[in-house]
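Trainee: give me a 3D structure for the following:
(chains A and B)
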Amino acid sequence: MTLETRTVSTNTPHKRTFGTRLKASFKEHRFAYGLILPTLLFMMMVHMIPVVQGIWMSLLKLNQFTLGEYLKAPFVGLKNYSDLLFNENNPVRQGLGYALRNTAIYTVVVTAAVMMIGLFVAILLNREFPGRGFARAAMLLPWVVPSYVVGILWGFMWQKEGIINHILVDVLHLMDEKPYWLIGPNTIWAIIIPSVWRSWPFIMIVFLSGLQTIPEDLYEASRIDGAGKVRQFWSITLPLLKPIIAVQLLFQLISNVYSYNIVAMMFGNGAGYPGQWGDLLMTALQRQTFGYWSFGAGAAASFLLMIGMLVIVGIWYRIFRSELRAE
Amino acid sequence: MSYRMGARMKKKASYYVLNIITWFIVAIMVFPIYWMVKISLHTNGEILDGITGFTIPKPHWVNYIDMWDNINFSDFFLNSLIICSLTMVLACAFAVMAGYALARFKFPGSGTFGMGVIATQMIPGIMFLLPIYLMFLSIKETIGIPMIDTYWGMVLVYTAFYTPMSIWIMRSFFVAIPRDLEESAMIDGCTRFQAFVKVILPLSMPGIIATCVYIFLTAWDELLFAWVLTTTPDVQTIPVGIRLFVGQYNNRYDLLMSAATVVTVPIIVTFFLTQKYFIRGMTAGAVKG
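Mentor: Model prediction:
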């Protein structure tokens, strides 16, 4: 095997011959296919087959009575979809509007805050000062805390007589009266703030290592040309970080739209309803589908959610296409 | 002091201001974790009365023993450890293989495979939660192998979940290793496989460690699937255990916070032991895309 790969043309550039030789050799392909085979099998079992089944299920009348028949449950076509979109009495639909609104607010605010704080602190840490390594490690701590712990912990701290109200009202005197955080419109902040708290450190670390790849000469040269710090940020730092920003933005969008753990653990002792301002799509869908045993409708809602995700990714791709191509 | 500060003083002032901001942020970040540990050391009576002091007056260590006995914590802990470790080994092995394939070979379908791996991340978990559940049930009915409430069922699902991201982390590591290394190893008589195992794998150890930590941390954190696919304490993981516990012991925040501390501390320790590799590994993947 090694012999044949070694003897083919040597007059073209080194790197390319290696690639072309690999391409030419069927045995090499077999090696590559062997390498991806286990992944492919697992993805087939856990991702592809279930998703196809899920799409099929969304066309069936699948509830507690027909669950035993599973894929042979009565076919109802697009009824689940039309019920979901237009039938106000559909139980699965209940509260989904709130969940959708909250998820939209949550995703936009968390993503924006995480990216901005991450970048700001990365710039703060990209300087020399005593205790820098310690500061960086300490800031990363929340990111390692499991998200279900984050939900419980912040749920406890948000209580009316909890520590946050104590600090806000008794220590800092920012408010006259202790507000309710876990009931009413404040809830959306009660879920956004812990999520931001947990997510930005990782983004910060990624940005920090991105900042360290920017050559110091660039800043030097622009300083000589008379550019200030602000100007340098907009014309050097930001454009050079754009590919990193693009990738992190996508991952943030996906994980925030599909956020589940923090909200699931924060309210009603892990089993309750987070309220009109705390419910997210994932918690709502999980609760409604399993609560009402309406799996067909749940599958339809999940499929619509996936389409929505594809639209978001599509928009993201159009905006950042040029950054990705440069890679 | 004159109105116009010297440039030097101005620079020094901004240096200190920025330092103060930095340490203020550190304090905000660490405080909730400190609070969790602090609450876990109070009696329930104290917690119900409302706690406002910022120091720990008299540590009430008994909470930890009570918690451990009350909720069979060792069972959940062991289950999590087994499921997460097996997942880590399997998913990392798969990711190393597939990541290497994506980094080095252009084979028919390699582009599609790479995109497919990314695309799995866009599917909402709930989309395949129920099909997997029903598939597991029907596997038991038709073939007789139980899948719900088993370690391998969970490991199968988790491995498939965490392999895709891991593949991209590993791929970016392999891309950074020069091809010449394998080539010269092959000229020295190694097969392609030997070159991969003897030359490339040792060099990508930081990436492998980073990937392992990533997989372990994310699996340790998974709640939704564990919640649906396990029903007995023989296989239930810590997040499920804690969620059940929260339902049962409504107001026992003393026990709850000690459980939360016990869950968090091991990963914080693991994280700091592997921090060097981990940060390098994760950021290499993220920066190079």
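Trainee: neighbours around A:I192, how many?
Mentor: 20 (other Cβ atoms under 10 Å in any protein chain shown). C-beta here means a position set from N, CA and C on the backbone, and glycine is covered the same way.
Trainee: how far away is it from chain B?
Mentor: Remark: distance between A:I192 and chain B (Cβ to the nearest Cβ, to the nearest Å) = 15 Å.
Trainee: touching, that residue and A:V110? I think so.
Mentor: Yes - with contacts counted by Cβ atoms under 8 Å, A:I192 reaches A:V110, the gap being 5.7 Å.
Trainee: got the residues of the stretch 201-327 of chain A near chain B?
Mentor: Residues of the stretch 201-327 of chain A lying close to chain B by Cβ under 8 Å from any Cβ of the partner chain are A:201-202, A:205-206, A:208-210, A:213, A:243-244, A:247-248, A:251, A:254, A:257-258, A:260-261, A:264-265, A:269-271, A:282, A:285-286, A:289-290, A:295, A:298-299, A:302-303, A:305-306, A:309-310, A:313, A:324, A:327.
Trainee: dump the residue contacts of the residue nearest to B:V240 when sequence neighbours are not counted.
Mentor: Using Cβ to Cβ, 6 or more residues apart in numbering or on different chains and skipping residues adjacent in sequence, the residue nearest B:V240 is B:A226, 5.0 Å away. Each residue near B:A226 by Cβ atoms under 8 Å, 6 or more residues apart in numbering or on different chains is listed here: B:M154, B:Q236, B:T237, B:P239, B:V240.
Trainee: how about a cut-off of 10 Å?
Mentor: B:79-80, B:83, B:154, B:157-158, B:219, B:235-241, B:243 (Cβ atoms under 10 Å, 6 or more residues apart in numbering or on different chains).
Trainee: what helix or strand is it on?
Mentor: Following DSSP states H and E, the helix or strand that holds B:A226 is helix B:224-229.
Trainee: where does the prediction get shaky in chain B?
Mentor: Under the criterion pLDDT under 70, the flagged ranges of chain B are B:1-5, B:250, B:284-289.
Trainee: in it, where's the longest helix?
Mentor: In terms of residue count, the longest helix belonging to chain B (DSSP state H) is helix B:253-288.
Trainee: is that one positioned near chain A?
Mentor: Yes - under the criterion of Cβ under 10 Å from any Cβ of the partner chain, helix B:253-288 makes contact with chain A via B:253, B:256-257, B:259-261, B:263-264, B:267-272, B:275, B:278-280, B:282-288.
Trainee: cool, stretch B:91-102 as well?
Mentor: Yes - applying Cβ under 10 Å from any Cβ, one finds stretch B:91-102 touching chain A at B:A91, B:A93, B:F94, B:A95, B:V96, B:M97, B:A98, B:G99, B:Y100, B:A101, B:L102.
Trainee: centre of the chain versus that stretch, how much separation?
Mentor: In terms of Cα atoms, centre = their mean, to the nearest Å, the centre of stretch B:91-102 is set 18 Å apart from its chain centre.
Trainee: buried residues, that stretch. List them.
Mentor: Across stretch B:91-102, burial judged by 16 or more other Cβ atoms under 10 Å in any protein chain shown covers B:A91, B:C92, B:A93, B:F94, B:A95, B:V96, B:M97, B:A98, B:G99, B:Y100, B:A101, B:L102.
Trainee: before we move on, what about stretch A:156-165?
Mentor: Under the neighbour-count criterion of 16+ other Cβ under 10 Å, stretch A:156-165 has A:F156, A:M157, A:W158, A:Q159, A:G162, A:I163, A:I164, A:N165 buried.
Trainee: again with stretch B:161-169
Mentor: Those would be B:F161, B:Y162, B:T163, B:P164, B:M165, B:S166, B:I167, B:W168, B:I169, for stretch B:161-169 by 16+ other Cβ under 10 Å.
Trainee: which one of the residues you listed is nearest chain A?
Mentor: Distances from chain A to these, taken as Cβ to the nearest Cβ, are shortest for B:T163 (5.4 Å).
Trainee: how about the contacts made by that closest one?
Mentor: By Cβ under 10 Å, 6+ apart, the residues touching B:T163 are A:38-39, A:42-43, A:46-47, B:87, B:90-95, B:97-99, B:117, B:120, B:170, B:211, B:215.
Trainee: what's the answer for B:I148, then?
Mentor: By Cβ under 10 Å, 6+ apart, the residues touching B:I148 are B:132-133, B:136-137, B:139-140, B:154, B:228-232, B:235.
Trainee: so which of the residues you listed are also by chain A?
Mentor: B:I132, B:Y133, B:L137, B:V228.
Trainee: count of residues packed around the first one?
Mentor: This means B:I132. Other residues close to B:I132 by other Cβ under 10 Å number 27.
Trainee: what helix or strand is it on?
Mentor: Counting by DSSP H and E, B:I132 is part of helix B:125-142.
Trainee: distance between that helix and the chain's centre?
Mentor: Its chain's average C-alpha position is 25 Å from that of helix B:125-142, according to Cα atoms, centre = their mean.
Trainee: next helix or strand past that helix?
Mentor: With DSSP H and E, the next secondary element past helix B:125-142 is helix B:151-176.
Trainee: shaky segments in the stretch 201-327 of chain A?
Mentor: Residue ranges of the stretch 201-327 of chain A with pLDDT under 70: A:268-271, A:324-327.
Trainee: can you list the domains in chain A?
Mentor: Chain A is divided into the following domains under automatic domain parsing: A:2-86, A:95-325.
Trainee: my bad, chain B
Mentor: According to automatic domain parsing, chain B comprises the domains B:7-49, B:62-288.
Trainee: so which residue is dead centre in chain B?
Mentor: Centroid check for chain B by Cα atoms, centre = their mean gives B:L217 as the closest residue, at 1.4 Å.
Trainee: contacts only, for the nearest residue to it once chain neighbours are set aside.
Mentor: Once flanking residues are discounted, B:L217 sits nearest to B:I267: 6.3 Å by Cβ to Cβ, 6+ apart. Applying Cβ under 10 Å, 6+ apart, we find B:I267 in contact with A:V144, A:V145, A:P146, A:V149, B:V213, B:F216, B:L217, B:W220, B:D221.
Trainee: highest neighbour count among those?
Mentor: Within the contacts of B:I267, neighbour counts (other Cβ under 10 Å) peak at A:V149, which reaches 28 neighbours.
Trainee: list the residues that contact the most centrally placed residue in chain A.
Mentor: With distances taken as Cα atoms, centre = their mean, the residue of chain A nearest its centroid is A:S255 (1.6 Å). Applying Cβ under 10 Å, 6+ apart to A:S255 gives the contacts A:T107, A:V110, A:T111, A:V114, A:S195, A:S199, B:Q121.
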